[in-house]
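S.K.: prediction below, plus the sequence it came from.
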Amino acid sequence: MWLNPIPSFKLIGTMDGLSYLGFEDDETGIPLALHPGAFGVRRKHHTHEGVDLYCPEGTAVRAVEDGLVVALEKFTGEHATPPSPWWNDTEALLIEGMSGVVVYGEITSIREPGDLVKAGDLLGYVIEVLKEDKGRPTSMLHLELHRTGTRATVEWTGEHPASLLNPSTHLLEAAVRHSNSN
């Protein structure tokens, strides 16, 4: 059972790509179905590998479950593999736990490989990923879920990568638990 990775925000399931315009300051959407930030949505050059939780730069990111940090990657920007110079440089932290390997992307990490974390521990902070403001949020937590044993993120350009799982159900369950505890 996952915790909310950005507990300063109430998570709300949404299929509306513009739903962020109507959210209160302490709310954000879990993108579902055709939302451009949803898992599995086809984009210009690839299929979206995770879920984007829009939130301001500097938002604290917390562990959704206990685990072991298994990798820290250059996630976007000129130093990423492959490079994506149209985005700012960000990192992704990969943590293996009970549900598999959770990827916390588009952050700056305060953790290193080999660190043990408990659910709710601080992992890092969201940083601005988009260099150009296109009228949508420019910072977000990008969250992925992979099968146990995964040690690197993958780009979904063709067939569905075998390691990649949909994290949406875990996030929706965390949202329900969070709202029931308030």
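M.R.: Yep, it's here. Residues are numbered from 1 along each chain as shown.

S.K.: so how far is the one helix or strand in the chain whose mean pLDDT sits lowest from its chain's centroid?
M.R.: Lowest by mean pLDDT, DSSP states H and E among the helices and strands of the chain is helix 168-181, with a mean of 86. In terms of CA atoms, centre = their mean, to the nearest Å, the centre of helix 168-181 is found 15 Å from the chain centre.

S.K.: packing partners of that helix?
M.R.: strand 10-14, strand 27-31, strand 51-54 (3 or more CB pairs under 8 Å, 6 or more residues apart in numbering; DSSP states H and E). For glycine as for every other residue, the C-beta is placed from the backbone atoms N, C-alpha and C.

S.K.: so what strands line up beside the first one?
M.R.: Strand 10-14 has the following sheet partners, assigned by DSSP bridges: strand 27-31 (parallel).

S.K.: so where's the protein uncertain?
M.R.: For the chain, the stretches flagged by pLDDT under 70 are 179-182.

S.K.: the strands in it, which residues?
M.R.: 10-14, 27-31, 51-54, 60-62, 67-76, 90-97, 100-109, 116-117, 122-126, 140-146, 164-165 (DSSP state E).
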